[in-house]
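K.L.:
how would this look folded up:
(chains A, B, C and D, ligands or ions: 4)
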Number of protein chains: 4
Amino acid sequence: MNRRIILDCDPGHDDAMAMMLAASKLSNLKLEAITTVAGNVDVEKNTNNALRLCDLLGLNAVPVAKGVAQPLVRKMKAAAHVHGKSGLDGTTLPDKPIKQIINQHAVDLIIEKIIDSDGDITIVPTGPLTNIALAIRKEPKIIPKIKEIVLMGGGTYGNRTPAAEFNIYVDAEAAKIVFESGVQIEMFGLDVTHQALATSDRMKEMSDINNPVAAAVMQMMNFYSRIYQGKLGFTGAAVHDPCPVAYLIDPTMFEMERVRVDIETKGEFTYGMTCVYTNGMTDRVPNANFARTLNQDKFWDLFIRSLKSYS
Amino acid sequence: MNRRIILDCDPGHDDAMAMMLAASKLSNLKLEAITTVAGNVDVEKNTNNALRLCDLLGLNAVPVAKGVAQPLVRKMKAAAHVHGKSGLDGTTLPDKPIKQIINQHAVDLIIEKIIDSDGDITIVPTGPLTNIALAIRKEPKIIPKIKEIVLMGGGTYGNRTPAAEFNIYVDAEAAKIVFESGVQIEMFGLDVTHQALATSDRMKEMSDINNPVAAAVMQMMNFYSRIYQGKLGFTGAAVHDPCPVAYLIDPTMFEMERVRVDIETKGEFTYGMTCVYTNGMTDRVPNANFARTLNQDKFWDLFIRSLKSYS
Amino acid sequence: MNRRIILDCDPGHDDAMAMMLAASKLSNLKLEAITTVAGNVDVEKNTNNALRLCDLLGLNAVPVAKGVAQPLVRKMKAAAHVHGKSGLDGTTLPDKPIKQIINQHAVDLIIEKIIDSDGDITIVPTGPLTNIALAIRKEPKIIPKIKEIVLMGGGTYGNRTPAAEFNIYVDAEAAKIVFESGVQIEMFGLDVTHQALATSDRMKEMSDINNPVAAAVMQMMNFYSRIYQGKLGFTGAAVHDPCPVAYLIDPTMFEMERVRVDIETKGEFTYGMTCVYTNGMTDRVPNANFARTLNQDKFWDLFIRSLKSYS
Amino acid sequence: MNRRIILDCDPGHDDAMAMMLAASKLSNLKLEAITTVAGNVDVEKNTNNALRLCDLLGLNAVPVAKGVAQPLVRKMKAAAHVHGKSGLDGTTLPDKPIKQIINQHAVDLIIEKIIDSDGDITIVPTGPLTNIALAIRKEPKIIPKIKEIVLMGGGTYGNRTPAAEFNIYVDAEAAKIVFESGVQIEMFGLDVTHQALATSDRMKEMSDINNPVAAAVMQMMNFYSRIYQGKLGFTGAAVHDPCPVAYLIDPTMFEMERVRVDIETKGEFTYGMTCVYTNGMTDRVPNANFARTLNQDKFWDLFIRSLKSYS
Ligand SMILES: [Ca+2]
Ligand SMILES: [Ca+2]
Ligand SMILES: [Ca+2]
Ligand SMILES: [Ca+2]
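P.N.:
Ligands and ions are numbered 1, 2, ... in the order given. Just a heads-up that it's a prediction; the model follows:
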């Protein structure tokens, strides 16, 4: 039986890979909607990218709705240095998509889908949490009806600052709302996404796959890897956003730990930190399952077989 | 020609008086909508009160929409000690209203009204700014189309804490969004609303007016005054929320000053302070007109004549 | 019997007037020491000014010790725009003092004086509280032996920012230490010092006094008044620092209120605010007596008679 | 030639081991002074422990001065759960030391030693940085004369909270002063001290050494290990405080990285975090060398040979 999800994203090279995983023939996921948010680049470009990727992946039937253009409280800070000017630089996808957005705000689409569901829809955010936070505040009745939120964000260390990961840094107030909402959360932060490394060996294996999706993903990988291997000194690109999708397809490839997560919104140098309390470091109620380790072989096996499934 | 307004409120005794002023035969205002928000008490009760007051004031044609149930980021803190359990204690209004809310969220009604307007609608918030902030974030296109925001909130000192006035204290993040939005703001804070004192003489004059609206307002005044004269040590009740409405009817009764206002959201003891920069205390761009002084005679003359107009 | 005090200051025009009051023939105060701190200008200049003022006032026997050169945690922010480059611009006092500082750090002199006392020494700070905070942390045994701290600082509004008065703004962490120390505090903030206005009438009366101290004080008044009447729009100069000294000479000229004061050290716009809780606004233990009102006639009568006593 | 150091500490089991290393026959360090501070337990107990350890290690000639009893700004939070009630539980050392403290405050001893030196004294703090911060503020002339500060504290993650290591958490304001002082800093945080693990093999090797110092150190190790292996889930005790001393004896056992460190003092959940900027994450000037890796074999070889040297 298929598991219903809403993918809330800011594509973004690794968002694209998450979409690829979710839409592949191997996936057990039913994409109810794709919603976009300001993040890697502005929401207009992220939405355009989402539509272009739907064209590529054959997601004609999935509604795409545009979401919030700015973080909840703070001013926008984009990540064009990682994803390029378009947010998806390096590919030869057509600039203009065929698919169009629906005429409904992402926040309202999320609310409608959840309210109309039997409590069986999972939200998968791979960008800043602004849409989800707004939906929760606008219609708190969705809280008990969200099955769970399985997100990429945070970690015990940061990439945007020493303390904060990009998605949470962009909108820590939204993250605070989500983590304090009471919804069940599965959190895939840098600790585990930095284990999802596209090393040269894996890149070679992928480059042998002969279909348009694999070709586009390889273009993205190549662009994205240059940043990681260059400035950041990694041995390969860390593909963050596919992790929560991979977890939904095969949870056995992750080790999860029950933790308390608090979101820092006041700090001078630590805005957007996800403070992860383990080992009884706090008496407060746990509010998330935190991904510690990834079985890399299982992950790349799924990733590569998914790519092949588009042939 | 009538001036179109949306009244965003949390009635509340003084919100009720603001509605009375706005709806009176003397008013030049056209109420496009009444929207409610969590504040003095929870949004359910505030909405119920708004409907009961519409019944009292004959506002059958004005749509009432229920808004947000919680502050944007922080947990709710109500003010039942001032307004009683129902939010409108002390009156003999029927508990259940005849009028009903429309089936649209306050945030969406605000967005729709503004987008469909010719840029001629003024928003008059007399509660926390959560609805307005959410509307701005959900649909930033409304920003250049809002004529102005004429609000009760803040001041150079507080009533909820030494630093913060209640409306801003409840949701300082929302206030920050509104004050940084670029919309023209007229701000009526405690400095001026504490000049709108219902002294014994004025109370006596009002109690001689013989109509149901005046009677209900007197019941509210009596309840509300006991708090102000008792615990707070005032010589009369300060009727905060009518001030922005009175300004729209007759701006000559106020002296305004062009200022910069910044909203404190980080402080340990000062959360929700409106920091009002005058006299060149800052180089930053002014973003509000701040009401300094009220002509009390003009104010109470308008107030009392408005009450009489319901006869 | 004389009351023993240590004057901790950053002269400063109004610090000079505080010294004049304390040293006059009318004063019941015995100056045990004068200690200096960074504030209006740097500690070197403030110390030089203290020595020049001792020469003027005949304070040959009072030890002067130089204190801390920087706020406890934050970077220094001086107030040369009010007091001029020297910290005491506008006078014709000789640049170089005859009197010299003692070879002991202000913090150590304070500690020694308090420890050696019978618990009968009052500290009178009219600058930032850095020396006092450091003395308390270095030798906490002084806490129960300080008779009281009678200080100029803070208020329910600010002059350096909308929220913060200069002395507390310069070193809010030091103020926090002092207000949380448990020592009895009498606080003279802007609310009351702005009542100590040197109006034109009073200036005229003072200018008729014919002695070198009065002449120097008038030079200071004239320089200082220009700032207050010009940029700040006052009807006369507010002479802040003499207030705590005047209180020690004649407490009947002030109305005091028992309050809780908390010092804001975290705020984005409110660093250095003294949050004054009155009227049961908090359950926490009161820690200060807050000066509400000044009997201006009594104050200026004392001030002018003190000036005359130098003839 | 010997390198002159001042050891500023809060013994503490691992402080004791740092003293042992510094005082051993293998050490090239000349202990100019031992100063104590509130930290693991209160300053009285920490001082008593320092004296007892001097008796054990034969440090008769080294002056010991007692320092500050409380953090600079915040209230004290001790770590008795790690070090036991005495701060040095588990040993059979006599409760009362023979050696006595000198009659000078630690802060003044540090200032005097540095001012009287030729700029050749290194400060080695293995507790909260309160004494050092106070010395810097009281006498800023020491800043250019301190050779360097080689400290145990901080890290890219915490042990007292998810964000903060104990020494920095206890007094983040003091840490901020030290890290912003301009003094050359070598920082040994949890990233590297967690590599200094006393595993069972090493414990066995040490337990074979037959002299009173080794016996006492083994008692400490056993007590301290139980905490680490029990509640904290380590495979051995992490001996934090010997790291900076080991570095001074043999810098080749560490890999250091030039970084910028900022101290968080405002955060809601992150107070006391040392934000370590590497890889061009900031444009601000680097202010510390950060220890990344430890050659464990070299470290334990030195440690064990040092223990043997007491035979
Ligand atoms: Ca993303
Ligand atoms: Ca209201
Ligand atoms: Ca002063
Ligand atoms: Ca230690």
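K.L.:
mind pulling up the pLDDT for the residue of the stretch 151-300 of chain A found nearest chain D?
P.N.:
With C-beta to the nearest C-beta, the shortest gap between the stretch 151-300 of chain A and chain D falls at A:Gly267, namely 3.3 Å. (Glycine included, C-beta is placed from N, CA and C.) A:Gly267 is assigned 97 on the pLDDT scale.
K.L.:
residue contacts, the nearest residue to it once chain neighbours are set aside?
P.N.:
Excluding its sequence neighbours, the residue lying closest to A:Gly267 (C-beta to C-beta, 6 or more residues apart in numbering or on different chains) is D:Gly267, at 3.3 Å. Listed by C-beta atoms under 8 Å, 6 or more residues apart in numbering or on different chains, the contact set of D:Gly267 reads A:264, A:266-268, A:270, A:273, D:163, D:273.
K.L.:
any idea how far D:Gly267 is from ligand 4?
P.N.:
D:Gly267 sits at a distance of 23 Å from ligand 4 (criterion: C-beta to the ion, to the nearest Å).
K.L.:
now swap in A:Pro162 and tell me
P.N.:
Per C-beta to the ion, A:Pro162 is found 24 Å from ligand 4.
K.L.:
before we move on, what about A:Asn2?
P.N.:
56 Å.
K.L.:
that residue and C:Pro140, how far apart?
P.N.:
Shown here: A:Asn2 relative to C:Pro140, a distance of 67 Å by C-beta to C-beta, to the nearest Å.
K.L.:
which of these two has more neighbours?
P.N.:
More crowded of A:Asn2 and C:Pro140, by other C-beta atoms under 10 Å in any protein chain shown: C:Pro140, with 14 against 9.
K.L.:
is stretch A:218-231 positioned near ligand 1?
P.N.:
No - using C-beta under 5 Å from the ion, stretch A:218-231 stays clear of ligand 1, coming no nearer than 11.6 Å.
K.L.:
buried set for that stretch?
P.N.:
A:218-225, A:227-228 (16 or more other C-beta atoms under 10 Å in any protein chain shown).
K.L.:
what sits against the residue positioned nearest the centre of chain A?
P.N.:
Per C-alpha atoms, centre = their mean, the C-alpha nearest to the average position across chain A is that of A:Thr126, at 1.6 Å. Shown in contact with A:Thr126 (C-beta under 8 Å, 6+ apart): A:7-10, A:12, A:14-15, A:18, A:151-152, A:167, A:240-241, A:244.
K.L.:
check which helices and strands the one helix or strand in chain A whose mean pLDDT sits lowest sits against.
P.N.:
Sorting the helices and strands of chain A by mean pLDDT, DSSP states H and E puts helix A:80-83 at the bottom, at a mean of 73. Packed against helix A:80-83 by the contact rule (3 or more C-beta pairs under 8 Å, 6 or more residues apart in numbering or on different chains; DSSP states H and E) you find helix A:212-229.
K.L.:
so the helix it packs on, near chain D or not?
P.N.:
No - applying C-beta under 8 Å from any C-beta of the partner chain, one finds helix A:212-229 separated from chain D by no less than 11.8 Å.
K.L.:
what bits of chain A have low per-residue confidence?
P.N.:
Scanning chain A for pLDDT under 70 picks out A:1, A:78-80, A:230-233.
K.L.:
alpha carbons of the longest strand along it, as CSV, please.
P.N.:
Assignment by DSSP state E gives strand A:254-263 as the longest strand of chain A. The C-alpha coordinates for strand A:254-263 follow below in CSV (Å, rounded to 0.1, in the frame of the first residue of the first chain):
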residue,chain,number,x,y,z
PHE,A,254,18.8,4.6,9.4
GLU,A,255,19.4,4.4,13.1
MET,A,256,17.1,6.8,14.9
GLU,A,257,17.3,8.1,18.5
ARG,A,258,14.5,9.6,20.6
VAL,A,259,15.6,13.1,21.6
ARG,A,260,14.5,16.6,22.7
VAL,A,261,15.1,19.3,20.1
ASP,A,262,15.0,23.0,21.0
ILE,A,263,15.3,25.7,18.4
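K.L.:
contacting residues for A:Pro140?
P.N.:
A:Pro140 sits next to B:69-70 when contact means C-beta under 8 Å, 6+ apart.
K.L.:
could you point out the helix or strand that follows the helix or strand encompassing A:Leu151?
P.N.:
According to DSSP states H and E, A:Leu151 maps onto strand A:146-152. Following strand A:146-152 in sequence order, the next helix or strand is helix A:166-170 (DSSP H and E).
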